[in-house]
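*Asks:* model the following, please.
(3 chains)
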Amino acid sequence: MSVPAVSRTALPARSAGTPVRVVGLSVTPPRLADVTTTSSATSDDAVLDGPRPRLLLVDGHSLAYRAFFALPAENFSTSTGQVTNAVYGFTSMLINLLRDEAPTHVGVAFDVSKRTFRTEEYPEYKAGRASTPTEFLGQVDLVKEVLAALRIRVVTKEGYEADDVIATLTGAARAQGAEVLVVTGDRDAFQLVDDATTVLYPRKGVSDLARMTPAAVEEKYGVRPERYGDLAALVGESSDNLPGVPGVGPKTAAKWLTAHGDLEGLVAGVGSLTGKAGQSLRDHLDQVLRNKRLNAPVRDLELPVVVDDLAVRPWDREEVHRVFDGLEFRVLRDRLFATLSADEPEVDGGFAVSAERPAGEDAAAWLAAHAAPGGPASGVAVLGRWSGGAGDAWGLALAGADGATAWFDLRELSPEAESALAAWLADESAPKVLHDAKTALHALAERGTPLEGLSADTALAAYLCQPDQRSYDLADLAVRFLQRELRVDEGSSDPGEEQGVLDLDGDASGPDEGQLACVRAAATLELSQVLAQQVEQRGGTALLRDLELPLVPLLAQMEADGIAVDTTALERLEGEFAEVVADAAEEAYAAIGGQKINLGSPKQLQVVLFEQLGMPKTKRTKTGYTTDAEALADLNVRQPHPFLDHLLRHRDASRLRQTVEGLLKSVAADGRIHTTFQQTIAATGRLSSTDPNLQNIPIRTAEGRRIREAFVVGRDAEVLLTADYSQIEMRIMAHLSGDEGLIEAFRSGEDLHRFVGARVFGVEPADVTGEMRAKIKAMSYGLAYGLSAFGLSRQLTIPVDEARGLMDDYFARFGGVRDYLRGVVEEARATGFTETVLGRRRYLPDLTSDNRQRREIAERMALNAPIQGSAADVIKLAMLGVERALRSQDLRSRLLLQVHDELVVDVAPGEREAVEALLREEMGTRVQERTRLSVPLDVSVGVGASWHEAGH
DNA sequence: GGAAGAACGTA
DNA sequence: CGTACGTTCTTCCG
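*Replies:* Below you'll find the predicted structure:
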């Protein structure tokens, strides 16, 4: 028996819901005829034994119809007006099936006409159904076009239904030992289920399929699959217009069938049935038998195809492009090629590394031979750590473009090797590729070894490609983009030795340390090449090269500098807040009869509030009722109680105390706080700050602002300066939307919300009241987040109708904004991504989800990402400009922090005026020019001895 | 010891 | 039924 290899057809055992690796469509499937039944055809284990064929049979009409109702038609139409929701949903589901089930054979069955042998016997069969919408009918042919492009056979039989075709093919395939998957929304197919035949039944939408195995059928209906037809005959099937026995439901029917074996046995013993149900069955026996004849699928049709004809064939790529282009399915086409375009290489092998250990003069020789300045980039992996202002580097591995790797233990480096290495690292003309370069820069800096010539950072490149990922672990990237494990290739290591994976944060001691570091360096270098192409494909090359990459050393420097804090002031504050906490806690306990509950426990609070005090229930959370500040304040209005006051005071004070304690803990030996800016976390392109987070230091309340007083000007500086953009997101909105009114608002220099309010309310700007302005402000900002009328009404505590009216009035005056917001979502749905002013993309596949909640979340993300992301582009660009200007003017002032729309600078003595001018110029004019923004960028600057004083 | 949830700080 | 984050605490689980 010769079995053509299907790569990895030995499928892994799968549990429900576990996606299965792709088997390329272009591989040659086994011919069923070649695969004589091995072992027992009904054993699930057979799947693991070899290339057992898997036949996927789809009820085309049924699935497309499902998709038609699951996906909103208004979101799925081509520019010519053709509605495509059913084709889209069907195709999406098909791609998922091909990916997850990896069938070797596929067929799609369609009904051909309304007239079948069933309507001959029973004219009312399937009568009473709502007539099929015309927008659907037109899409059936489109579905067939898609199938043709994918070279999937369509099977029909005049006078019969898709179900009969499926039943016949199932029987034939099973006889040949194949496994069968039937995808249909017709429950009659459950009769086909057996140990190797599974029905995938759409539960809801187009992505949620119930896996109906024998056990699943039995659990749901109480009978084995082969008896399902009997059960349905008794109970009836409303969608087929087959009435059941009155008074008999699935429970009774299952009970009877179990007792009598099957319908035949039940009919034979019908006389012995007791009760009303029994009599009802005797009265409707003919109808039951007719139901049975009609719902039993025909299993022995003469078909124009045999199972072998359904073997998966390589699709017609040109045709796929033509059809998908016509349907404007850009995202889906990409998904198709990404997940199914064959030849996805197996994850195999690691990295063969030479891992030389050049010492002394050999170090210089190695560098000259394998990593010469002016040549191609080398991979660099640094073993080290840095956090909160302190760190160390103890090892360094290099991978030359020629494949050679070398490893240096920085703790025992000879002076010759050390100087050779340091010179190479500092040589800008020796290009270097790192993964997470910022950490490496810090670690090396601890050894007094600057690194220049950073030409790529694989973590950043991966981030630009897939910004929604939360981490960009080198090992994961190696598997995903290189199909390799991050380990020493077997050929070059001791086969008896356990393969370790080096953890950068670990102790990194042990015999393999150097080798594994070399693997990292080699992987980084290889990865950078693959990722460079990926970035290029996404139009992100300039963004990476000119923005994100140059930002790395700047962020490293900001982190290393840190910001000075007045620890004495912080300690004093901690004490004050602690007193308030203790006081508030005492009074809170007293207010509830001296119970000493944990005021920080929502669970215990709920007992007190809703059970003991009998307060009205608040909004639900997953685990109970919310006790958040808003809800508590609301309760306090409806049912005032001193406990609530003390609780809220306690909350505020303990949070402030926590914040202060956290800050105190992170003050480094130099009296400064060194945060870490994360450059690859926020999907929109923003930075984030951790350990500690200096981007969420309180500012709204007077008490909170006292914390800002403890961030002070540094020892060698004269004053602290903050520069922030005013209304940057609204300005971006004005630019992106091109709305004339909004652009004019910014060019006029008038207060934005006053200007907009005047237009919306139809009054003079001077007559815009504070209340009006507040409403406009909330709405303007809300728009950038996808705020609904409901949300706006809730936030402003006004009726929904009023909120809706407000939005309507707004859009009537600023139609460009409405058009933009609508257009940005539609475009993202079509292309699969949103884009910022600098071409930063965010991919949002959920925009075409059939799950409304997911889709709407994605829509709000699509609204916000270009705005928030462009603002992030703007300030990043500004930071680079500011830094460059500081250097070129030989100023000693230092950029310390970035808080999304604000920069904080330690101003060196005598530089205040120069720095302020420079900041205004770079943040404002220069950035506006470079991004070609149609509105000016307004920058406000403040100075003071503390962050609080410098603020505005 | 880690995960999940609730709560809340910033832009 | 408003986006993007990070931190802290409690609670629950193993």
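
*Asks:* stretch A:109-123 - what's its average pLDDT?
*Replies:* Summarised as a single mean, pLDDT over stretch A:109-123 is 80.

*Asks:* quick one: terminal-to-terminal distance for it?
*Replies:* Here the two ends of stretch A:109-123 are set 23 Å apart, with distance taken as CA to CA, to the nearest Å.

*Asks:* for it, the distance to its chain's centre please.
*Replies:* Per CA atoms, centre = their mean, to the nearest Å, the displacement of stretch A:109-123 from the mean C-alpha position of its chain is 45 Å.

*Asks:* same question for stretch A:646-657.
*Replies:* On the basis of CA atoms, centre = their mean, the separation between the geometric centre of stretch A:646-657 and that of its chain is 35 Å.

*Asks:* what residues does that stretch touch?
*Replies:* With contacts defined as CB atoms under 8 Å, 6 or more residues apart in numbering, stretch A:646-657 is touched by A:573-574, A:577-578, A:580-581, A:584-585, A:587-588, A:591, A:599-600, A:605, A:629, A:632-633, A:636, A:698, A:701, A:703-704, A:707. C-betas here are computed from N, CA, C, even on glycine.

*Asks:* which of those fall in helices?
*Replies:* Taking DSSP state H, the ones among the contacts of stretch A:646-657 that sit in helices are A:573-574, A:577-578, A:580-581, A:584-585, A:587-588, A:591, A:605, A:629, A:632-633, A:636, A:703-704, A:707.

*Asks:* any of those buried? List them.
*Replies:* The neighbour count (16 or more other CB atoms under 10 Å) marks A:573-574, A:577-578, A:580-581, A:584-585, A:587-588, A:591, A:605, A:632, A:636, A:703-704, A:707 as buried among the ones in helices among the contacts of stretch A:646-657.

*Asks:* filter the contacts of stretch A:646-657 by proximity to DNA strand B?
*Replies:* Checked against DNA strand B using CB under 7 Å from any atom of the strand, the contacts of stretch A:646-657 yield the following neighbours: A:629, A:698, A:701, A:704.

*Asks:* quick check on the third one: phi, psi?
*Replies:* Spelled out, it's residue A:701. phi -100, psi 160 (degrees, to the nearest 10).

*Asks:* who's in contact with the residue of the stretch 701-850 of chain A found nearest DNA strand B?
*Replies:* When CB to the nearest atom of the strand is the measure, the stretch 701-850 of chain A has its nearest residue to DNA strand B at residue A:704, with 5.1 Å between them. The contact partners of residue A:704, taken as CB under 8 Å, 6+ apart, are A:656, A:697, A:698.

*Asks:* how near is it to DNA strand C?
*Replies:* Taken as CB to the nearest atom of the strand, to the nearest Å, the spacing of residue A:704 relative to DNA strand C amounts to 13 Å.

*Asks:* kindly report the same for residue A:641.
*Replies:* Distance of residue A:641 to DNA strand C, given as CB to the nearest atom of the strand: 21 Å.

*Asks:* tell me the spacing between the closest residue in space to that residue that isn't next to it in sequence and residue A:332.
*Replies:* Ranked by CB to CB, 6 or more residues apart in numbering and with sequence neighbours excluded, the top spatial neighbour of residue A:641 is residue A:613, at 6.2 Å. The span separating residue A:613 from residue A:332 equals 55 Å under the rule CB to CB, to the nearest Å.

*Asks:* okay, the two: which has more neighbours?
*Replies:* When residue A:613 and residue A:332 are compared for neighbours, residue A:332 comes out ahead with 21 against 15, by other CB atoms under 10 Å.

*Asks:* which strand or helix spans residue A:182?
*Replies:* Using DSSP states H and E, residue A:182 maps to strand A:179-183.

*Asks:* need the residues that contact that strand.
*Replies:* Contact with strand A:179-183 is made by A:46-47, A:52-59, A:63, A:93, A:97, A:101, A:103, A:166, A:170, A:173-174, A:189, A:192, A:196-200, A:209, as judged by CB under 8 Å, 6+ apart.

*Asks:* give me the subset of those residues lying in strands.
*Replies:* Within the contacts of strand A:179-183, residues falling in strands by DSSP state E are A:54, A:55, A:56, A:57, A:58, A:59, A:197, A:198, A:199, A:200, A:209.

*Asks:* the last one against residue A:199, yeah?
*Replies:* Think residue A:209. No: counting by CB atoms under 8 Å, residue A:209 does not reach residue A:199; the two are 9.3 Å apart.

*Asks:* OK, contacts around residue A:711?
*Replies:* Residue A:711 sits next to A:563, A:564, A:565, A:566, A:673, A:697, A:720, A:946, A:947, A:948 when contact means CB under 8 Å, 6+ apart.
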